[in-house]
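> could you look at this predicted model? Sequence included:
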Amino acid sequence: MVQDRCLKITTVTARDIRWPTSLGAHGSDAMHTDPDYSCVYVTIATAEGPVGYGMTFTLGRGTDIVLLAVRALKRLVEGRTTASIYERFGQFWRELTSDSQLRWIGPEKGVTHLAVAAIINALWDLWGKIRNVPVWQLLAEMEPTELVSAIDFRYIEDVITPKEAIAMLEQNKATRNERIQHLLKHGYPAYTTQIGWLGYSDDTIRALCKKYLAAGFKAFKMKVGQDLESDIKRCQLIRDEIGWENQFMVDANQTWDVPTAIDWMKRLKEFKLLWIEEPTSPDDVLGHAKIAEALREYSIGVATGEMCCNRVMFKQFMQANALEFCQIDSARIGGVNEILSVYLMANKLNIKVCPHAGGVGLCEMVQHLQMWDFCSVSSTMEGRMVEFVDQQHDQFVYPAIINEKACYVTPKAPGYSTELKSDAIAHFEYPQGSEWQRMFAEGLFKPENY
Ligand SMILES: C[C@H](O)[C@@H](O)[C@@H](O)[C@H](O)C(=O)O
Ligand SMILES: [Mg+2]
C-alpha cells in the first residue's frame with residue numbers, strides 16, 4: 001500500500017454557485033422546465049497547503065438547502081487528518097452517512113446524501129493531489145484491497161462481497177496497462193444531449209445537430225414527454241438530421257406512469273431508439289421492469305440512475321432486470337465510494353454503465369469513474385458511452401475536453417477536475433456574485449423568486 005503524506009484538514013467551506021441557464025432553456029426537460037444549473041461547491045483546506053474541491057449538482061433554489069446540509073456535516077471532517085480518512089475510507093464514509101441525528105432525514109438519500117457526495121468528491125480530489133495523479137489513475141493503480149476498503153458493503157453483500165470485488169479487480173490487473181495506453185491515446189466515447197433540450201426551437205435543434213455531427217458525435221439524446229405529437233415531429237426532425245446510422249436516445253425525466261410510458265414509447269418505436277431514460281418515478285423498480293419487458297420486442301432499452309438515491313436502489317434495479325443502461329451520477333448517491341460499488345455490481349450482473357453527466361461538473365467528474373471502469377472493472381467500452389453536455393466547462397480550471405472523434409480526452413491534471421476558476425465564483429456565487437447583482441438590477445431575475 002502506498003504511504004501517503006498525512007495532512008491536517010483545517011476547514012470545510014461550502015458555497016452556493018448558480019448559473020442562469022433557464023434564460024436560454026439550456027438543460028430543460030419535461031419536469032425541469034426552467035433549470036438554473038447550480039452547485040454546492042465544497043473546499044477542503046489543509047494546514048500543509050493542498051486543497052480539495054468537490055461539488056454536487058443542484059438547480060437554483062434547491063442549492064440553499066444542500067448548502068445547509070454540508071454545513072451540518074462538516075464537523076465530521078474538520079480537524080481530522082487525511083490518514084484517518086483514507087486509511088479506513090469505507091469506515092469513514094459510513095460515519096459520514098450515519099450521524100445518529102442527521103441520518104433521520106435520510107438515511108442515505110435526498111439532501112443529506114447530496115451533501116455527502118459534495119464532501120466525498122472533494123476528498124477524492126484532495127487524495128488525487130496528494131498522490132499527484134488524476135482520480136481515474138489513482139483508482140486504476142490502487143491495490144484492489146485498498147480500493148475495496150473504501151467501499152461500505154453494508155446492504156449489498158447479497159450481490160457482491162469484498163472478496164469477490166477484490167478477485168474481480170485482480171483479474172483485470174495483468175492487462176490494465178494496455179487499457180491505460182488506449183485511454184491516453186483515444187479517450188472515452190461520448191454522446192450529446194445538447195441538441196435536444198425541451199425548450200429549444202426546431203431551428204436551434206437543427207443547427208445543433210449539424211454542429212455536433214460535424215464535431216464527430218455518433219449518438220444523440222432528445223427530451224420527450226410533454227406532448228406526443230410534438231415528440232414525434234422532433235424525433236423525425238432529428239432523424240432527418242443525424243440519419244439512421246447514428247444512435248438516438250430519448251429521456252422523459254420521470255414524467256409518465258407505467259402504462260403511459262409503454263404506450264408513448266410504442267408510438268415512438270419507428271425512430272429506432274436505443275433507450276428510453278427515466279420513463280417513470282426513479283423509485284419504481286418494478287415499474288421500470290415492466291416497461292423494460294414491454295419494450296424489449298422493439299429493442300428499446302430502459303436507462304435510469306441520475307436520480308437513483310443509493311447503492312441499494314441500484315442493486316434492486318439490476319436484480320429486477322429493470323434497467324439495461326445504468327446511469328450513475330457523479331454528484332449523487334454518496335460520491336465516489338458508493339459509486340464504485342455500483343460499478344462492481346453492474347459488472348457482476350452484466351449491466352452496461354453509461355453515466356449521466358452535464359449539469360455542473362458532472363462531465364468533469366464522471367469521466368474519471370468511467371475510465372477507471374475501463375481500466376479495472378468491465379475492461380471494455382462495448383455499448384458504453386458517457387453523456388456530454390456543453391455547459392459551464394469554461395468555468396473550470398481543468399475542464400472536460402472532447403476530441404475530434406467525440407471522445408473525452410483522458411485527464412492528466414492531479415485530482416478530480418473539480419476546481420472552479422476564481423472568476424466563476426466572483427461572478428456566479430449566489431446572490432452576491434457580480435453577474436447575479438447585474439441580473440437583479442436589470443430585472444432578469446427577481447431575488448424574491450429565489
Ligand atoms: C435538469 C437537467 O438538465 C436534466 O434534464 C438532465 O440532467 C438530463 O436528465 C440528462 O440526462 O442530461
Ligand atoms: Mg436524464
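Ah, there it is. Ligands and ions are numbered 1, 2, ... in the order given.
> now the residue of the stretch 201-350 of the chain found nearest ligand 2: phi and psi?
The minimum distance from the stretch 201-350 of the chain to ligand 2, using CB to the ion, falls at residue 251 (4.3 Å). In this view, the C-beta of every residue, glycine as well, is placed from N, C-alpha and C. Backbone torsions of residue 251, given as degrees, to the nearest 10, read phi -140, psi 120.
> show me what it is bridged to.
Beta-bridge pairing for residue 251 (DSSP bridges): residue 223, residue 277.
> so it touches residue 274, yeah?
No - under the criterion of CB atoms under 8 Å, residue 251 is not in contact with residue 274, lying 11.4 Å apart.
> neighbour count winner among those two?
Remark: of residue 251 and residue 274, residue 251 carries more neighbours, 27 against 23, as counted by other CB atoms under 10 Å.
> now the more buried one: how far from residue 194?
For residue 251, the distance to residue 194 (CB to CB, to the nearest Å) stands at 13 Å.
> likewise for residue 384?
20 Å.
> neighbour count for those two, which is higher?
The neighbour count for residue 384 versus residue 194, taken as other CB under 10 Å, is higher for residue 194 (23 against 18).
> who in the protein is up against ligand 1?
Residues of the chain found near ligand 1 (CB under 6 Å from any ligand atom) are 27, 29, 32, 35, 193, 251, 253, 306, 356, 358, 359, 387.
> double-check that the second one belongs to a helix.
Read that as residue 29. No - counting by DSSP: H, G, I helix; E, B strand; the rest coil, residue 29 is not part of a helix but coil.
> quick check: residue 379 touching residue 174?
No - between residue 379 and residue 174 there is no contact under CB under 8 Å: 10.6 Å.
> and these two? which has more neighbours close in?
In terms of neighbours (other CB under 10 Å), residue 379 is the more surrounded of residue 379 and residue 174; the figures are 16 against 8.
> for residue 287, what are phi and psi?
Main-chain torsions, residue 287, degrees, to the nearest 10: phi -60, psi -40.
> report pLDDT for it.
Looking at residue 287, its pLDDT reads 98.
> and what of the one 4 residues further on?
pLDDT, residue 291: 98.
> what about it, which SS state?
On the basis of three-state DSSP, residue 291 is classed as helix.
> ok, it - contacts?
By CB atoms under 8 Å, 6 or more residues apart in numbering, residue 291 lies in contact with 258, 261, 262, 265, 276, 279, 280, 302.
> just the CA atoms of the helix or strand that contains residue 183, as PDB, please.
Element membership of residue 183 [criterion: DSSP states H and E] is helix 176-186. C-alpha atoms of helix 176-186 as PDB (Å, rounded to 0.1, in the frame of the first residue of the first chain):
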ATOM      1  CA  ARG A 176      -4.600  -2.900 -17.300                       C
ATOM      2  CA  ASN A 177      -1.700  -1.000 -18.700                       C
ATOM      3  CA  GLU A 178      -2.800  -1.700 -22.300                       C
ATOM      4  CA  ARG A 179      -6.100  -0.100 -21.500                       C
ATOM      5  CA  ILE A 180      -4.400   2.900 -19.800                       C
ATOM      6  CA  GLN A 181      -2.400   3.400 -23.000                       C
ATOM      7  CA  HIS A 182      -5.600   3.100 -25.100                       C
ATOM      8  CA  LEU A 183      -7.300   5.800 -22.900                       C
ATOM      9  CA  LEU A 184      -4.300   8.100 -23.100                       C
ATOM     10  CA  LYS A 185      -4.300   7.800 -26.900                       C
ATOM     11  CA  HIS A 186      -8.000   7.700 -27.800                       C
END
